[in-house]
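A.B. asks: take this sequence and fold it.
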Amino acid sequence: MPMMRRARVSDHRALVECAHRWAGRSPGPAGSRGPSLVLPRLFLQFFAGTSLVAEDSTGVKAFLIGLHSADSEEVAYIHFVGVDPVLRGRGLARGLYTAFFERAAEAGRREVRAVAAPGDGAAVAFHRAMGFGVVEGDHEVEGVSVHRDHDGPGQDRVCFRRTIGAGT
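C.D. replies: Modelled structure (predicted):
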């Protein structure tokens with residue numbers, strides 16, 4: 001089983017490469033779409049301490065980029081999670097989420113939020129299984145409430161919220 005540790009700024013290149021490989025894409029030129037756009041270096045420059053990497057002697061097997069809100073002392077946010085497709089279904093993502101919840105609760109956070117693309121039934125099911133509720137949006141896709149244009153024009157998202165800490 002891979003060992004879990006805090007992320008480091010020096011992990012950036014490896015995490016982006018993993019995300020592209022696991023998504024079946026090449027990194028491509030600057031300005032291309034894909035994981036590079038949602039995994040800029042700033043997340044590891046400023047949120048490495050709240051992000052996690054699972055690795056073994058052969059390299060990165062999974063990772064979670066998460067942060068604690070600067071505007072709300074009770075909120076933490078899971079921005080991006082990647083798991084090697086060969087290892088999916090073995091509890092790596094669950095372990096990363098659980099560790100993130102524990103660390104966020106220790107830091108005084110009482111709520112974790114996350115988003116997923118509409119139509120990604122696996123992500124919706126995973127978040128629900130992890131205790132997240134869907135935050136009511138303004139549209140519905142495949143029976144799931146969606147927030148239209150959440151991340152910009154045409155970038156609809158399913159928004160999730162989960163209580164953590166004492167009593168959960």
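A.B. asks: show me what stretch 161-168 is in contact with.
C.D. replies: With contact meaning CB atoms under 8 Å, 6 or more residues apart in numbering, stretch 161-168 is reached by 76, 101, 104-105, 109-114, 127, 130-133, 135. C-betas here are computed from N, CA, C, even on glycine.
A.B. asks: repeat the analysis, applying 7 Å as the threshold.
C.D. replies: 101, 104-105, 109-113, 130-133, 135 (CB atoms under 7 Å, 6 or more residues apart in numbering).
A.B. asks: any chance you could map the helices in the protein?
C.D. replies: 12-23, 35-38, 42-47, 92-106, 121-129 (DSSP state H).
A.B. asks: hmm, back to that, type out the ChimeraX command that picks the buried ones from the contacts of stretch 161-168.
C.D. replies: The following ChimeraX line selects those of the contacts of stretch 161-168 that are buried, judged by 16 or more other CB atoms under 10 Å:
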select :101,104,105,109,110,111,112,113,130,132
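A.B. asks: how many other residues sit next to Asp138?
C.D. replies: 11 (other CB atoms under 10 Å).
A.B. asks: roughly how far apart are the nearest residue to it once chain neighbours are set aside and Phe132?
C.D. replies: Leaving aside its sequence neighbours, Asp138 sits nearest to Arg148 (CB to CB, 6 or more residues apart in numbering; 5.6 Å). For Arg148, the distance to Phe132 equals 20 Å [CB to CB, to the nearest Å].
A.B. asks: need the helix or strand of the protein with the lowest average pLDDT.
C.D. replies: Ranking every helix and strand in the chain by mean pLDDT, DSSP states H and E puts helix 35-38 at the bottom, with a mean of 72.
A.B. asks: who does the closest residue to Ala123 other than its chain neighbours form a beta bridge with?
C.D. replies: Spatial nearest neighbour of Ala123, chain neighbours left out: Ala116 (3.8 Å); criterion: CB to CB, 6+ apart. Listed beta-bridge partners, Ala116: Val158 (assigned using DSSP bridges).
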